[in-house]
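S.K.: this one's sequence-less:
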């Protein structure tokens, strides 16, 4: 610890920093934070993307847990913020979705049976429509950041959801097809 | 604590100072054998070529792979290798020339040839400016010209050149890519026939070919050939601006010797630059003043939707004979076996790089037209008028160096000439012919290249030296080592060496252009919707194995991370098995590989949305594994399968599956 404090003193050597220096010396936890910040900034060349420079990086734990507890409230991460279903299934859209699903998804998915990835039957009872579309459109980020998607990746043995480059309209059609399952 | 702090403080600064001393010292050291540069400059040099991780180069450069037969793509200014594009030689990494789809690309009138000698890359141009659509390159050994599509960075087309023997003065473009040219280095009997070699001067001809390029598709067709006297046609460049409509070919061996050319072809004081008026040629062709000659040559075309090439054999060529076509060709006398012939951005000056001379001869296009009008001729060869030297020459750059080979230009009226023998680049002024600067190259430079440096709009920021000899520039790698390029900053008055980097094969010539002309159009995937391959498998449901006699077609798919099917039975020894593998991925940079134990060809490397076919003839019974070669996901190691091979007379039923067999 002594060495680290001395190390900090290089950066607060100028006289005007003396009061700050004294303050730092007196509060050990501040010293530790500062050491970490300085080291991180040095290592990253002062990049603004370094985690230490993001003031609000850690989210309150309770929020994350709540999300994990109720996946229906998890909208996922991606371009889709809100989906509204009509009362009736749009059969034309669903048929289009089925065609896209068969073409681009069935190498890893079966509608009513676990395959490389999970079955889609009943998916809308388990997940929010926004989450489903974001998983189709933005799988790379989802499996890294979304708590539900992260769990699924582990459950499915590390097989990543492939990005099949659907347009948002195509993903919406596939979603409509899932309503019919 | 204060004492300790001061001590560490001093130590810290001492270390910092030592670090700088070491850096400066090492930079000075590396500059010892260079004519310019101090330590301070050297650190500036490092920053000029430094492209930080994750950032892009400003330029794409395309360097000929020479005797590797390929075309390499390097980023500038970093000198980072981005890709090697297979063109005239097979490439087992990409299955080029090994899979069924690309085998036709390497078909020739002699049959399948797995190797070529790639020489001069040339970018397509619109209004004399590089447009980033295609790049052309010639094969010297088996006369051919290839077109590479710059959306896919793949060879899209190859056309063979008949009546030709060493396609060297090629494929230099006209300013709207109406034509690329192909002049023969070795004259041959036309048509080929069994004659005494000593009949060279009487029976051999030098064909200069004009290949028409479709302005929309880029497709090439042989428009016409001009049958010239039996000289060696070395290099070429087309006119631009005022001289658009003309193409200039340099020549040597105007002595017309067929042996010991090292001595015999250097007897004449002057050889010729042939000026071809191709607009006139078009008129002669339209008037029917051509001869139709029988010739066999092939035209190979790759389709991005079929993911396959076709090879077509052609049988006729239109030939123009200069003595029948007055005004078609004139000779510009040029001292000492001119190598490169280079036209400045204005189109006025035609530089003859007389490789056995110390001087550079520069002709004036305006004077040439005037001399033609005034019939200022000094005799003729085979009906081709020789223009009077004094009537066409604009100026001479005197005593510039030894062995001038090639000249490129910047946008400020300067020319840069490579000198092979004196191993240097000399910068000189167009119009005044004054030498402005010179820098050594390491070692023995051949071509040099400035982005757009042979177009109407050069970008005068960087210049690349393409050197013939490497010697001690890099860590040694035994007797054979890569050749080298050197990057120079030419934005100021003085040329400054920035960087050395090794190249593949021998880099004859290069081209470069701003990345912004290519990058936005670069393709990321092939759409499954647009796949027209005859053995395309659109989904796992449609995978199957079909037997036709002893030929077996396997319709297979890949996606992270499995093959469908991954278990195949009922294959027999001696079967001819074709694995048609479709990559169902639709995401950028997710190719899958496909390799079979004992296959006598190569792997497949299948891009997203693409179908490729590997041929396999099992020799022995057993159970043979196949697997994905390109790390595709965390479950890549699991991406594998088996083929059961039974004896010739076995009765094992044809069967294929993935997981439980009903799934397919």
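M.R.: That came through, no problem. Predicted model, so just to flag it, every value in this text is computed and none were measured.

S.K.: which one is residue B:527 nearest to, not counting chain neighbours?
M.R.: Leaving aside its chain neighbours, residue B:527 sits nearest to residue B:609 (5.6 Å; criterion: C-beta to C-beta, 6 or more residues apart in numbering or on different chains). Backbone N, C-alpha and C define where each C-beta goes, glycine included.

S.K.: check contacts around the one you found.
M.R.: B:525, B:526, B:527, B:528, B:530, B:531, B:583, B:584, B:585, B:586 (C-beta atoms under 8 Å, 6 or more residues apart in numbering or on different chains).

S.K.: Weed out the non-buried ones from those residues.
M.R.: Neighbour-count burial within those applies to B:525, B:526, B:528, B:531, B:583, B:584, B:585, B:586; the criterion is 16 or more other C-beta atoms under 10 Å in any protein chain shown.

S.K.: secondary structure element for the residue nearest to the third one when sequence neighbours are not counted?
M.R.: The spatial neighbour of residue B:528 that comes closest, neighbours along the chain excluded (C-beta to C-beta, 6+ apart), is residue B:609 at 5.0 Å. Using DSSP states H and E, residue B:609 falls within no helix or strand.

S.K.: Then residue B:641?
M.R.: Per DSSP H and E: strand B:640-646 holds residue B:641.

S.K.: what helices or strands is that strand leaning on?
M.R.: strand B:567-572, strand B:622-627 (3 or more C-beta pairs under 8 Å, 6 or more residues apart in numbering or on different chains; DSSP states H and E).

S.K.: In its sheet, which strands sit next to it, and in what direction?
M.R.: Taking DSSP bridges as the criterion, strand B:640-646 forms sheet pairs with strand B:567-572 (parallel), strand B:622-627 (antiparallel).

S.K.: Any idea how far apart the tips of stretch B:351-362 sit?
M.R.: Terminal residues of stretch B:351-362 are spaced 4 Å apart (C-alpha to C-alpha, to the nearest Å).

S.K.: neighbouring contacts of that stretch?
M.R.: So stretch B:351-362 is contacted by B:250, B:266, B:273, B:332, B:334-344, B:349-350, B:363, B:393-407, B:415, B:417, B:420, B:428, B:430, B:433 (C-beta under 8 Å, 6+ apart).

S.K.: Would you agree residue B:47 falls within a helix?
M.R.: Yes - assigned with DSSP: H, G, I helix; E, B strand; the rest coil, residue B:47 falls within a helix.

S.K.: measure it to residue B:501 for me?
M.R.: 17 Å (C-beta to C-beta, to the nearest Å).

S.K.: of the two, who's got more company?
M.R.: Neighbours per residue (other C-beta atoms under 10 Å in any protein chain shown) separate residue B:47 from residue B:501, with residue B:501 holding more: 19 against 8.

S.K.: Which residue, other than its chain neighbours, is closest to that one?
M.R.: residue B:79 (3.5 Å).

S.K.: Distance of that neighbour relative to chain A?
M.R.: Between residue B:79 and chain A the computed distance is 23 Å (C-beta to the nearest C-beta, to the nearest Å).

S.K.: Would you confirm that that residue contacts residue B:485?
M.R.: Yes - if you go by C-beta atoms under 8 Å, residue B:79 and residue B:485 touch, sitting 7.1 Å apart.

S.K.: Please identify which of these two sits among more neighbours.
M.R.: A count of neighbours by other C-beta under 10 Å puts residue B:485 above the other of residue B:79 and residue B:485, at 25 against 21.

S.K.: check contacts around residue B:608.
M.R.: B:524, B:525, B:526, B:583, B:585, B:586, B:587, B:588, B:590, B:591.

S.K.: for those, which one is nearest residue A:142?
M.R.: Nearest to residue A:142 among the contacts of residue B:608 is residue B:587, at 13.8 Å by C-beta to C-beta.

S.K.: Counting neighbours, what do you get for residue B:622?
M.R.: 14.

S.K.: you'd agree it is up against residue B:643?
M.R.: No - counting by C-beta under 8 Å, residue B:622 sits too far from residue B:643 to count as a contact (9.3 Å).

S.K.: Could you find the closest non-adjacent residue to residue 131?
M.R.: In the absence of a named chain, this looks at chain A. Closest to residue A:131 by C-beta to C-beta, 6+ apart is residue A:76, at 3.9 Å.

S.K.: Please refer instead to chain B.
M.R.: Per C-beta to C-beta, 6+ apart, closest to residue B:131 is residue B:124, 5.6 Å.

S.K.: in the helix or strand encompassing the one you found, what's buried?
M.R.: Using DSSP H and E, residue B:124 maps to strand B:122-126. Residues of strand B:122-126 classed as buried by neighbour count (16+ other C-beta under 10 Å): B:122, B:123, B:124, B:125.

S.K.: With residue B:133 as the reference, measure out to the last one.
M.R.: Put plainly, it is residue B:125. Taking C-beta to C-beta, one finds residue B:125 at 9 Å from residue B:133.

S.K.: what residues are shared contacts of those two?
M.R.: With C-beta under 8 Å, 6+ apart, residue B:125 and residue B:133 have common neighbours residue B:177.

S.K.: Counting neighbours, what do you get for residue 101?
M.R.: Picking chain A for this. When neighbours are counted by other C-beta under 10 Å, residue A:101 comes out with 22.

S.K.: wrong one, chain B
M.R.: Counted with other C-beta under 10 Å, residue B:101 comes out at 23.

S.K.: Might you report the residue contacts of it?
M.R.: Shown in contact with residue B:101 (C-beta under 8 Å, 6+ apart): B:307, B:308, B:309, B:533, B:611, B:612, B:613.

S.K.: Which ones among the buried ones among the contacts of residue B:609 map onto strands?
M.R.: The strands, defined by DSSP state E, take in residue B:583 from the buried ones among the contacts of residue B:609.

S.K.: ok, which pair from the buried ones among the contacts of residue B:609 is furthest apart?
M.R.: Of all pairs drawn from the buried ones among the contacts of residue B:609, the greatest distance, 12.4 Å, lies between B:531 and B:585 (C-beta to C-beta).
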